[in-house]
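*Asks:* Build the 3D model from these lines:
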Amino acid sequence: ALNATPRPLPLAALVALRPKQWVKNVLLFAALVFSSHFLSAPDVGRTAVAFLAFCLLSSTGYVYNDLQDVEGDRNHPKKRFRPLAAGEVSSTGAWILMALCTTGAMALSWWLGWAFTVVALAYFVTTLSYSMYFKHHVILDVMFLAACYIWRAAAGAVAIDVRISPWLLVCTAFGALFLGFNKRRGEILLLEGKQSGTRKSLAHYSATMLSEFQAVTTSGTIISYALYTVLSPTPWLVLTLPYVLYGVFRYIYLIDQRGEGAAPDETFLRDKPILVTAALFVTTAIAVLLIAPTAHP
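*Replies:* Presented below is the predicted three-dimensional model:
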């Protein structure tokens, strides 16, 4: 194993599921919040079950991705410590983990209904397509990752049977592209030109090109969210726009000045200004919707 002190198998298996990345599935709660259904205990419960189902499905994708990239990850300064790359979880163990997670996720999805099951399967197919093929193709790799976020947003609405605004999906798409291309930029800065042997598509990106993509997706994210708030039945949601602006600018700052961004989940979870901004965003949104509860997601 590459780790000096190998982790116990149960802990290694848990780490292989990448629980830190489950934060991405919080997007499923967007429909619950923006539809003002957060006061409905049954809907809160259904969204929580949907969140768990997507956590299990996403973990299946992460384990499969790591299984495919074992050799490449061993040449990466950080990824070499992942359980599969470090030899702490065998390939057989990885397949067992995937089987357990997929079975649990499908059971929960079926309990939520056939419509949610269809969306969950669409997400699952998208994430596996990424791992099997599209992660090796420049631009398409990030676009398929963005599609996974769109499925998350849609799943949250389907779970509680509410209409979802097309503008929220557009904003989700731009936000995901923003994170994806900035992740690639963070990886390039981290590897300092030594991307050979790690992610194949990374060799086709450059810091200059990614800066241009960053500008486009930043504008798209901010404008689409602004339009979403202004055009919603509760235009006072525009009060949450400053938090989105600060969050986007803060993330760009962390990449350019702090060398962050290669692992967005870790960046979000350890950066206090972003955590405070997220808390204020949610608090303000809920306060506005309590005053004017006619909004839809």
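
*Asks:* residues in contact with stretch 100-112?
*Replies:* 17, 46, 49-50, 52-54, 56-57, 59-60, 63, 116-117, 120-121, 124, 159 (C-beta atoms under 8 Å, 6 or more residues apart in numbering). For the C-beta atoms, the positions are set from N, CA and C on the backbone; glycine is no exception.

*Asks:* ok, of those, which come out buried?
*Replies:* 17, 46, 49-50, 52-54, 56-57, 59-60, 63, 116-117, 120, 124, 159 (16 or more other C-beta atoms under 10 Å).

*Asks:* So which of the contacts of stretch 100-112 belong to helices?
*Replies:* 46, 49-50, 52-54, 56-57, 59-60, 63, 116-117, 120-121, 124, 159 (DSSP state H).

*Asks:* give me the number of residues near Gln257?
*Replies:* 8 (other C-beta atoms under 10 Å).

*Asks:* tell me what whichever strand or helix holds it is packed against?
*Replies:* Using DSSP states H and E, Gln257 maps to helix 241-258. Secondary-structure packing of helix 241-258 (3 or more C-beta pairs under 8 Å, 6 or more residues apart in numbering; DSSP states H and E): helix 166-191, helix 207-231, helix 264-270, helix 272-291.

*Asks:* mind putting those in a markdown table, mean pLDDT, mean neighbour count and distance to Val33 included?
*Replies:* Below are the helices and strands packed on helix 241-258 laid out as a markdown table (pLDDT from 0 to 100; neighbours: other C-beta atoms under 10 Å; distance: least, C-beta to C-beta, whole Å):
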| stretch | mean pLDDT | mean neighbour count | distance to Val33 |
| --- | --- | --- | --- |
| helix 166-191 | 88 | 22 | 11 |
| helix 207-231 | 92 | 17 | 13 |
| helix 264-270 | 81 | 17 | 18 |
| helix 272-291 | 93 | 15 | 6 |
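
*Asks:* Trp22 is nearest to which of those?
*Replies:* helix 264-270 (8.3 Å; C-beta to C-beta).

*Asks:* which residues touch the closest one?
*Replies:* 20-21, 23-24, 179, 182-183, 251, 254, 260-261, 274-275, 278.

*Asks:* any idea of the pLDDT on Arg258?
*Replies:* Here, the pLDDT recorded for Arg258 equals 79.

*Asks:* Tally up the residues packed near it, please.
*Replies:* 11.

*Asks:* if I look at it, how far off is Leu269?
*Replies:* 15 Å (C-beta to C-beta, to the nearest Å).

*Asks:* Quick check: next helix or strand after the least confident helix or strand in the chain by mean pLDDT?
*Replies:* Within the chain, no helix or strand scores below helix 70-73, which has a mean of 76 by mean pLDDT, DSSP states H and E. Tracing the chain C-terminally past helix 70-73 and defining elements by DSSP H and E, one meets helix 91-112 next.

*Asks:* Appreciated, that's everything.
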